[in-house]
Each structure stands twice: as structure tokens, then as C-alpha cells.
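Colleague: the following comprises the amino acid sequence and a computationally predicted model.
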Amino acid sequence: MTSLPPAPNPALRVLVADDEESMRHFLQRGLRRLGYTVEVAEDGNDAVARWLASPFDLAVLDLKMPHCDGLTALGRIRSHSPDAVVLLMTAHGTIAVAVEAMHTGAMDFVTKPFSIDELQMRLERALSLRAAVRENRTLRSLLDQPDGGAGIVGQSQAMRELLRQLDLLRESAATVLLSGESGTGKGLVAKALHLASPRCKEPFIALNCAAMPDTLVESELFGHEPGAFTGARTQKAGLLLRANRGTVFLDEIADMSLSAQAKIERFLQDREFLPLGGQKTVHVDVRIIAATNRDLPALAKVGLFRPELLWRLDVVSLRVPPLRERREDVPLLATQILRKLGPGGKASHSLTPEAIGALTAYDWPGNVRELENVVERMMVMAGPRTTLGVGDLPAEVRGPDHASANSADDRYEAARERFDRIYFTNLLMRCGGSITEAAQQAGISRGHLHRRLRELGCDASAARHASRQTPDPAGG
């Protein structure tokens, strides 16, 4: 017999049910040799009872058994565990039986006699299929969104781990804190959590705390009564009330005022709040997901973030990896972006292998947001051409191997331009597109900043527009 590799996880538990003792012994001995933990049952009723007592990772059930056959046992197991991986085996394999088994929820169907080699192959295939189904369930609703799910698509180990964590949270209502650099797609992860949860048919409302003046944050969240403050002429329902039974996403929560932080902390404790100017508390059922690109524990130590709120938010922490930690996802992301920007959701342009290589090698300090901007710029600058090559990339993305000149001065200038573009773009975003405020923070004159922005091709109005998005286009 051909030697097989050990099972993917030696801790995997397999339930075997067959009314023939010799078959039970054959399967138990063979699967244990492969590294599985095996329990055996004599009929379908025994198999169901064992599964209900402690669900297994896999079940291998004989189709013909007394008292309770394999199809009946399969149905009862699947009603308790919808994602159960079950294989049926029979000595009387027909297409009709196979179809009925699959409709009942079997992952596969094997006809006796079979070897342990064949069974092992089918078990591994079934486990892989279950993993793919779980990941795709989380992503399916996102892929139907206008953004094409570009911020969360990926096959790298880092993204597979994130998707695994999202899958574990599917049925949970726990508060989640998302951390990660700007532009990594935290907003899309928040939306994925909402769409994969039982709250998916209820509102998902996002608030960009950095884009909202402190004086308005509390009014937006909690609502207000007439006369609560100057200009409050009518009653307004806040986001928490409008999102009842749904989800509220608080993006850039580190920029929320300490006063608003205190009220959010009390809400997370009691699930009720008092509208501004109101006399009666309001109770709502809302899940809170927060996101930040800053170090909240460090901010809490210096008094810039309330430790009590950090404790309330940090029930479950998820880190969204930067693009440089999942470079193998760049080609897939770039293809998704081309489709998103193309007419009718179909890509009108393609990338050469050299261009894909340069995109993959680049560090992407702006993450997915920067990748989206670069791909769109390539399409615009290519004119009528539909094939995008290295020459269509910005100098900083092309890298030294594809630079137009080879002198040290040219390489220095390219690096300086790359830094300036990133620095001033982020600065403008933080300042809401205000040239005056950005110049003051940078310590240069307004005229100097204007000239440098023109040289870099940076658009203050675009930064102003982007800073007001809730959530931002790349999802945080």
C-alpha cells in the first residue's frame, strides 16, 4: 500500500458508524494509523447520540444500518451541526443514492470496497471544501458590494487567518476593536462582520470620528432634543437609535473627544443613553465595532484615551495586516480594482507580468487605498492603450531597477518625491483638506505648500472630500 502523509491535524476526531464489526475494525485501525482520533458506533442511533454528546470533525456513515440508516443519521447530525463533514459509504452505489446523499448534506459518497488511501483523499478534500465554504460565506456578500470587496480579498496566510477569525465571530454579538494602518480595509472588515452576523438585515451605520467636529459627535451618536444647544430646533434621532438591532462602526475612534468617549463607555456598560437635552434614557440593542490606526494603550497611558473605554472595546481584537505583509495578494487585488473601475464591473485593462512584479515588490505605505489610486492613475494615463506596463507606474513604484535614470541624484530625488507625496497627502487628510492648517502643522508657508502640492500632483479638494467619507473609501 502506498504510504500516505499524516492527517492534516492529528487532533481531528472521526466518528465511524457501520453495523459490520469487521468494517468498523478496518476503518478504526486504518484511520488511527493516519493520525486521526477515532470512535466507532454500531448503528445510526448510536452515531447520532455520540455526535450530539460531543460533535466530531468528521463522520463516516454506512448507508444501510438497522434501526437508523445513514441518510437518516446524516439528516439528524446536519440539523444539529449544519457545517458537519459527513461521508456516506455503501456496497450498493447508484447515481440516485449519491444524489440523495448530497441533497441531504453529505460532503462525499464512497462505494465499498475502498482502500484507506481513497478514504483519506476524500476526507482531506471534504475538509478543504468545508474551509472554503466557510471563507466564501464571509466574503460572498462583500463581493456583491460596489467596491467589489477589494479591501478584503486575499489568499495570503495573513488574510486566511483574518478570515478564520471572522468566521469564529459569525454568531457573536461581542464588541470588536479593529487595529491596523490607514488604508488596510478596516471598514470592509467591519462590514464583513455585520453581513456575516444575524444582524445582517438590520442597519450598518458608520461614523468617522476624525472627520466629525467634537461638538457634533455626541449629537450624531445620541441624538438631541429641541433646544439642546444653539441651532437645535428639532428633535434628531442619533446613530445608536437608528441602528437599533444592527451595528455601529466607529472609525478612527482615537480621535473622539474624551467627553464622547465617557458616554460611549457608559453605553457599552448599560446599552442605554440619554439624548442631548433629553430627560429619559433610551435602551437599544446595537453592536459596536471600533477601528483605529493608533496605539490606544499608549494613548491611554498619557491620558489621551480613556482606559475604561479601551477595556470595553477590547473584548475581541482583530489586526488587519498591511499590504506589505501580504504581497502575494497584490495581483489579486489589482485585478479586482481593474474590474471595479471597468465598465459594467468588467476589466477593460490588463497588467503585464513586469508591472505585476513591480506592484508586488513595492511596500505600499498607503496600503490598499494607495494601490487603488495607482491602478486608477495607470488607467487614466495610458490613454487608449489597454495593456498597462511598468512605464505606466509612478517612479516610486517602479523601483530602482526600472528608473529612467541611474544616477544617485535621480534615485535620491525619486525617494524624496515619494516621501513628500505620502507626507503631504496624509497631512491634508488629517487637516480635512485645509491648506492653511496643513501649512501651519508642516511649519512652512502657505505659498510654499501650494507650490509643492502642484509639483507632486496632490489635490487638496480630493483630500477634503476623502476626509469626510463615512467610512472612508478604503475602509479605514
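Modeller: Structure received.

Colleague: hang on, Ile246 packs against Ser197?
Modeller: One thing to correct before we go on: residue 246 is Gly, not Ile. No - here Gly246 does not reach Ser197: they are 9.5 Å apart, not a contact under C-beta atoms under 8 Å. (C-beta placed from N, C-alpha, C; glycine too.)

Colleague: which neighbours do those two share?
Modeller: Arg287 (C-beta atoms under 8 Å, 6 or more residues apart in numbering).

Colleague: where along the stretch 51-200 of the chain do the strands fall?
Modeller: 58-62, 85-90, 108-111, 176-179 (DSSP state E, counting those that start in this stretch).

Colleague: now tabulate those in a markdown table and tack on mean neighbour count, distance to Lys346 and mean pLDDT.
Modeller: Below are the strands of the stretch 51-200 of the chain laid out as a markdown table (neighbours: other C-beta atoms under 10 Å; distance: least, C-beta to C-beta, whole Å; pLDDT from 0 to 100):
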| stretch | mean neighbour count | distance to Lys346 | mean pLDDT |
| --- | --- | --- | --- |
| strand 58-62 | 26 | 40 | 91 |
| strand 85-90 | 24 | 36 | 86 |
| strand 108-111 | 18 | 35 | 80 |
| strand 176-179 | 23 | 32 | 96 |
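
Colleague: so how far is Leu371 from Met23?
Modeller: Noted for Met23: a distance of 55 Å to Leu371, by C-beta to C-beta, to the nearest Å.

Colleague: neighbour count: these two, which is higher?
Modeller: Leu371 (24 against 18; other C-beta atoms under 10 Å).

Colleague: helix or strand for that one, just tell me which one.
Modeller: Taking DSSP states H and E as the definition, one finds Leu371 inside helix 367-381.

Colleague: next structured bit after that helix?
Modeller: Downstream of helix 367-381 (by DSSP H and E), the next one is strand 387-388.

Colleague: and the following helix or strand past that following strand, average pLDDT?
Modeller: Downstream of strand 387-388, the first helix or strand assigned by DSSP H and E is helix 395-398. Averaged across helix 395-398, pLDDT comes to 85.

Colleague: break the protein into its domains for me.
Modeller: Split into domains by automatic domain parsing, the chain comes to 13-134, 157-321, 325-467.

Colleague: going by mean pLDDT, which of those domains comes out lowest?
Modeller: Across the domains of the chain, domain 325-467 has the smallest mean pLDDT, namely a mean of 77.

Colleague: now find how far off-centre it is within its chain.
Modeller: 24 Å (C-alpha atoms, centre = their mean, to the nearest Å).

Colleague: list the buried residues in the helix holding Leu371.
Modeller: The neighbour-count check on helix 367-381 (16 or more other C-beta atoms under 10 Å) flags Asn367, Val368, Arg369, Glu370, Leu371, Glu372, Asn373, Val374, Val375, Met378, Met379 as buried.

Colleague: that older thread, distance to Ser317 for the strands of the stretch 51-200 of the chain - can I get that in JSON lines?
Modeller: Output for the strands of the stretch 51-200 of the chain, formatted as JSON lines (distance: least, C-beta to C-beta, whole Å):
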{"stretch": "strand 58-62", "distance to Ser317": "31"}
{"stretch": "strand 85-90", "distance to Ser317": "30"}
{"stretch": "strand 108-111", "distance to Ser317": "37"}
{"stretch": "strand 176-179", "distance to Ser317": "5"}
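
Colleague: of the ones you listed, which is nearest Leu274?
Modeller: Nearest to Leu274 among the strands of the stretch 51-200 of the chain is strand 176-179; the distance by C-beta to C-beta comes to 24.7 Å.

Colleague: please enumerate the helices of the stretch 151-300 of the chain.
Modeller: 157-168, 186-195, 214-222, 239-242, 258-270, 296-301 (DSSP state H, counting those that start in this stretch).

Colleague: buried deepest among those, which one?
Modeller: helix 186-195 (a mean of 26; mean count of other C-beta atoms under 10 Å).

Colleague: determine the set of other helices and strands touching that helix.
Modeller: helix 116-143, helix 157-168, strand 176-179, strand 204-208, strand 247-251, strand 287-292 (3 or more C-beta pairs under 8 Å, 6 or more residues apart in numbering; DSSP states H and E).

Colleague: distance to Phe56 added to the ones you listed, as JSON lines?
Modeller: Formatted as JSON lines, the helices and strands packed on helix 186-195 follow (distance: least, C-beta to C-beta, whole Å):
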{"stretch": "helix 116-143", "distance to Phe56": "12"}
{"stretch": "helix 157-168", "distance to Phe56": "19"}
{"stretch": "strand 176-179", "distance to Phe56": "30"}
{"stretch": "strand 204-208", "distance to Phe56": "36"}
{"stretch": "strand 247-251", "distance to Phe56": "33"}
{"stretch": "strand 287-292", "distance to Phe56": "32"}
